[in-house]
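**Q** Got a sequence here, can you build the structure:
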Amino acid sequence: MATRTTTTIEHTNSILANLSSHGMEKKELPHHKELRRASILVPLFERPIQESSSSQSNLHVLFTQRPQKMKSHGGEVCFPGGKQDEDDRGCDITTALREAHEEVGLHPDHVQQIARMETIESKHSLCVTPIIGLIQPSSAAEPSQLTLNEHEVEAAFAVPLEYFTIPENLASIQKIQYYGADGREFLMRTYLFDDPESGCQFRIWGLTAHVIHHVAELAFSR
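**A** So this is what the prediction gives:
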């Protein structure tokens with residue numbers, strides 16, 4: 001067990017190094033500059049190594065599900081995040097941290113900023129900046145320990161980061177023409193995750209699936 005623990009720790013450190021190498025500098029696409037800004041936090045945290053698990057990493061990703069009654073994105077799985085406020089003073093990182101604190105009670109002091117991903121245009125024409133953060137202590141990100149804002153979050157759950165590198169876990173992938181400012185084609189990925197803790201199945205798709213796919217790809221250098 002000690003050898004496996006050491007191997008897992010080394011592998012996790014390698015993953016974090018891959019992500020950190022992406023840097024925290026802005027990666028804003030030129031045609032996104034005039035769009036209204038928003039940020040999301042991609043919260044990563046470690047869980048104890050399970051002897052029965054075949055996973056090479058103990059890193060997990062925290063997701064939330066919006067209340068079904070919400071008019072915008074009701075029932076959808078997403079990351080903590082939202083639109084930039086004036087008080088954020090134009091800082092994408094501040095927006096991500098503030099929203100995570102408001103939605104699930106994650107204190108900014110518990111978030112180690114790892115990397116900033118390339119901006120993405122949402123279907124509502126928002127310039128979305130994903131911020132990857134490592135939550136320490138890890139217990140602060142455990143779904144059972146979070147304080148959910150019932151007006152914005154119905155549920156929270158965690159998925160192994162490695163899950164998104166396994167082709168068999170991809171329920172569907174569809175190429176669609178995206179008519180945003182960039183006019184590029186978009187690969188619409190869908191994952192159906194069976195959460196062993198809640199017994200619920202969560203549908204991870206759209207922008208959220210797009211982001212976590214690229215985060216996992218970067219993390220595992222695939």
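**Q** what's the closest non-adjacent residue to the most centrally placed residue in the chain?
**A** The chain has V42 as the residue nearest its centroid, 3.1 Å off, counting by Cα atoms, centre = their mean. Spatially, and ignoring its direct neighbours in sequence, V42 is nearest to I132 (4.7 Å; Cβ to Cβ, 6 or more residues apart in numbering). For glycine as for every other residue, the C-beta is placed from the backbone atoms N, C-alpha and C.
**Q** Now the one you found: which helix or strand?
**A** strand 126-135 (DSSP states H and E).
**Q** name the helices or strands packed onto the helix or strand following that strand?
**A** Following strand 126-135 in sequence order, the next helix or strand is strand 155-160 (DSSP H and E). In terms of contacts (3 or more Cβ pairs under 8 Å, 6 or more residues apart in numbering; DSSP states H and E), strand 155-160 is packed against strand 59-65.
**Q** Please, where are all the strands along this structure?
**A** Remark: strands assigned in the chain by DSSP state E are 36-46, 59-65, 77-78, 81-83, 111-116, 120-121, 126-135, 155-160, 170-177, 185-194, 201-205.
**Q** mind listing what the third one pairs with, with the direction of each?
**A** Using DSSP bridges, the strands paired with strand 77-78 in its sheet are strand 59-65 (antiparallel).
**Q** Outside of the strand it pairs with itself, list whatever touches it.
**A** If you take Cβ atoms under 8 Å, 6 or more residues apart in numbering as the criterion, strand 59-65 is touched by 12, 15-16, 42-47, 75-80, 103-104, 135, 141, 143, 148, 153-162, 164, 202, 204, 208, 212, 215, 219.
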